[in-house]
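**Student:** For reference, the sequence and a predicted model appear below.
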Amino acid sequence: MALIARHMSKKTPQAIRGTQDIFGADAEAFAFVVETFERVRRLYRFRRVEMPVFEKTEVFARSLGETTDVVSKEMYSFEDRGGESLTLRPEFTAGIARAFLTNGWQQYAPLKVATHGPLFRYERPQKGRYRQFHQIDAEVIGAAEPQADVELLAMADQLLKDLGINDVTLHLNTLGDGASREAWRAALIDYFRQVEGQLSEESQERLEKNPLRILDSKDPRDKPFLADAPKIDAFLSEEAAAFFAAVTSGLDAAGVKWVRAESLVRGLDYYRHTAFEFIPDEGSASAAALGSQSTVLGGGRYDGLMESLGGAPTPAVGWAAGIERLAMLVGAREEQPADLIIVVEDDARVAEAIGLIGDVRKHGFTAELIASGSPRKRYDKAVKRGAEVILSLRPEMGRGIATDNPEAGVLGVLGAYR
Ligand code: ATP
Ligand code: MG
């Protein structure tokens, strides 16, 4: 009863905190990001996949690791009516890895896939950080060679440039193979344990569970100890060092600018070898637009992930980028004016207008019809809205065409009306 009574309240329900209703010029910027991504992923021959928005909770818990921020604090998990624990996807990679294993996509390896859509994380909402946000995502699964990393990064670089974003730079690191990473981890624990009492609470907690993450800390109490922390380079196996060298020389050959970021680690357990983020350059317009939420695109190699889901070892590399953050860098994009507006000033000519506008649209031109409201005000409405060509169907003079552009392509379709 109480539930029903509450639902019958007259108050308009509010949107959920951290969700957004995107409209107008912002929605155009969002669409521009997605359209550009679709175009670029085709250039690089990435195949499209559509993924479920929810998965069994264990897909994320096992892939990302229980100690990660995402799994321990940010997941939207719930029991469904059958008592199963499900989670709204906080990222794409784990679900795509699950699909690779359950669908036998090994037969397509190396498999290059791309997707985009909404993700959900229980975070503190702020500028550039939402609880429902959207990503574009690209993955290469079943490719052990550094060339896969290079191609994936070249695609990211071209995407950003094609979006007109020229003031972000690729920050690149290697986490080494499993053995290098373990040795580095042990050295980091030894190092940070000596100053444990001076670290932030969060870093003290990370010390045992996920010491690499301390390097990522923005807390001023941790910062003084970060510069002298042990570096991965001292622990890299020969193979891991050769792998990283092949990635960097490939990037140079591809003309992708990069900088070495020795303390870049990425939050998730599954990363091996290459780890990277595209970050706005200091003092740039993009840095000003994004504030502290500065990573626009991030990813790396996750050779260990398939095994954590019970699959055979499968090398893979991928990245994801927040669509909202990219859209902020693109800036609001005005909705384009139509090629043609047809104004019906004579209500007897509505059918003629409907036929004509259909023709125009079939020829691939954008067109709007204005045939409602006071007939005398319709023409002014069209002028205010703006179009390449305005065609007015009037009682007295039969027809009237207004345009500043005699080259407007749509005039060809209008033929008899000229
Ligand atoms: P951050 O350090 O900003 O929390 P992250 O490491 O959690 O980022 P990833 O999981 O790597 O981010 O996701 C890749 C990209 O997705 C980020 O670079 C960012 O553009 C975007 N992103 C992540 N979380 C959010 C969010 N809550 N709201 C909007 N965009 C997000
Ligand atoms: Mg995060």
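**Tutor:** That came through fine. Ligands and ions are numbered 1, 2, ... in the order given.
**Student:** Going by C-alpha atoms from here, please, whenever you check contacts or count neighbours.
**Tutor:** OK.
**Student:** If you count neighbours, what's buried in the helix or strand residue 41 falls within?
**Tutor:** Secondary structure assigned from DSSP states H and E places residue 41 in helix 24-43. By neighbour count on 16 or more other C-alpha atoms under 10 Å, the buried set for helix 24-43 is 26, 27, 28, 29, 30, 32, 33, 34, 37, 38, 40, 41.
**Student:** what does the stretch 51-200 of the chain put close to ligand 1?
**Tutor:** 121, 128, 129, 130, 131, 133, 135 (C-alpha under 6 Å from any ligand atom).
**Student:** What subset of the residues you listed is buried?
**Tutor:** Neighbour-count burial (16+ other C-alpha under 10 Å) applied to those gives 121, 128, 129, 130, 131, 133, 135.
**Student:** Save those residues as a markdown table, and put in pLDDT and secondary structure too.
**Tutor:** Converted to a markdown table, these look like this (pLDDT from 0 to 100; DSSP: H, G, I helix; E, B strand; the rest coil):
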| residue | pLDDT | secondary structure |
| --- | --- | --- |
| 121 | 98 | coil |
| 128 | 89 | coil |
| 129 | 93 | strand |
| 130 | 97 | coil |
| 131 | 98 | coil |
| 133 | 98 | strand |
| 135 | 98 | strand |
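**Student:** Nearest residue to the residue of the stretch 301-418 of the chain found nearest ligand 1 in space, please, no chain neighbours.
**Tutor:** Minimum separation of the stretch 301-418 of the chain from ligand 1 (C-alpha to the nearest ligand atom) falls at residue 322, amounting to 3.4 Å. With sequence-adjacent residues excluded and distances taken as C-alpha to C-alpha, 6 or more residues apart in numbering, residue 322 is closest to residue 135, at 4.5 Å.
**Student:** which of the buried residues of helix 24-43 sit farthest apart?
**Tutor:** With distance counted by C-alpha to C-alpha, no two of these lie farther apart than 26 and 41, which are 22.7 Å apart.
**Student:** Surely residue 181 and residue 188 touch.
**Tutor:** No. Because the distance of 10.4 Å does not satisfy C-alpha atoms under 8 Å, residue 181 is recorded as not touching residue 188.
**Student:** For residue 67, the count of nearby residues, please.
**Tutor:** The local packing of residue 67 (other C-alpha atoms under 10 Å) involves 16 other residues.
**Student:** how about it, secondary structure?
**Tutor:** Assigned state for residue 67: coil (three-state reduction, DSSP: H, G, I helix; E, B strand; the rest coil).
**Student:** returning to that earlier point: for the residue nearest to residue 322, list each beta-bridge partner.
**Tutor:** Residues in a beta bridge with residue 135, per DSSP bridges, are residue 117, residue 322.
**Student:** wait, what's in contact with it?
**Tutor:** 116, 117, 118, 119, 320, 321, 322, 323, 324 (C-alpha atoms under 8 Å, 6 or more residues apart in numbering).
**Student:** With adjacent residues omitted, what lies nearest to the first one?
**Tutor:** Spatially, and ignoring its direct neighbours in sequence, residue 116 is nearest to residue 136 (4.3 Å; C-alpha to C-alpha, 6+ apart).
**Student:** Over to the third one?
**Tutor:** Residue nearest to residue 118 in three dimensions, not counting chain neighbours: residue 134, with 4.3 Å by C-alpha to C-alpha, 6+ apart.
**Student:** what pLDDT does the one you found get?
**Tutor:** Per-residue confidence for residue 134 comes out at a pLDDT of 98.
**Student:** a helix runs through residue 278, doesn't it?
**Tutor:** No. Remark: residue 278 does not belong to a helix; assigned using three-state DSSP, it is strand.
**Student:** That one: how many residues sit nearby?
**Tutor:** The number of residues packed near residue 278 is 23, by other C-alpha under 10 Å.
**Student:** And residue 359, by the same measure?
**Tutor:** Residue 359: 15 neighbours (other C-alpha under 10 Å).
**Student:** got a list of what it touches?
**Tutor:** For residue 359, the residues meeting the contact criterion (C-alpha under 8 Å, 6+ apart) are residue 413.
**Student:** That one - that's part of a helix, no?
**Tutor:** Yes. Following the definition three-state DSSP, residue 359 is counted among the residues of a helix.
**Student:** That one and residue 367, how far apart?
**Tutor:** Counting by C-alpha to C-alpha, to the nearest Å, the separation of residue 359 from residue 367 is 10 Å.
**Student:** just checking, residue 110 touches residue 140?
**Tutor:** Yes. Shown here, residue 110 and residue 140 form a contact pair, counting by C-alpha under 8 Å, at 6.6 Å.
**Student:** out of those two, which sits in the busier spot?
**Tutor:** Neighbours per residue, other C-alpha under 10 Å: of residue 110 and residue 140, the larger number sits with residue 140, 23 against 17.
**Student:** what bridges to that one?
**Tutor:** residue 112, residue 317.
**Student:** Next one, pLDDT for it please.
**Tutor:** We have a pLDDT of 98 for residue 140.
**Student:** Residue 300 contacts residue 276, correct?
**Tutor:** Yes. Contact status for residue 300 versus residue 276: in contact at 5.9 Å, counting by C-alpha under 8 Å.
**Student:** Could you break this structure into its assigned domains?
**Tutor:** The record's domain split for the chain, according to automatic domain parsing, is 24-177+237-330, 338-417.
**Student:** Could you say which of those domains is packed most deeply?
**Tutor:** Taking mean count of other C-alpha atoms under 10 Å as the contact definition, the stretch among the domains of the chain with the greatest mean neighbour count is domain 24-177+237-330, which reaches a mean of 19.
**Student:** phi, psi of residue 222?
**Tutor:** Residue 222 has phi and psi values of phi -90, psi -30 when expressed as degrees, to the nearest 10.
**Student:** For it, which non-adjacent residue is closest in space?
**Tutor:** Sequence neighbours aside, residue 199 is the residue nearest to residue 222 in space, at 5.3 Å (criterion: C-alpha to C-alpha, 6+ apart).
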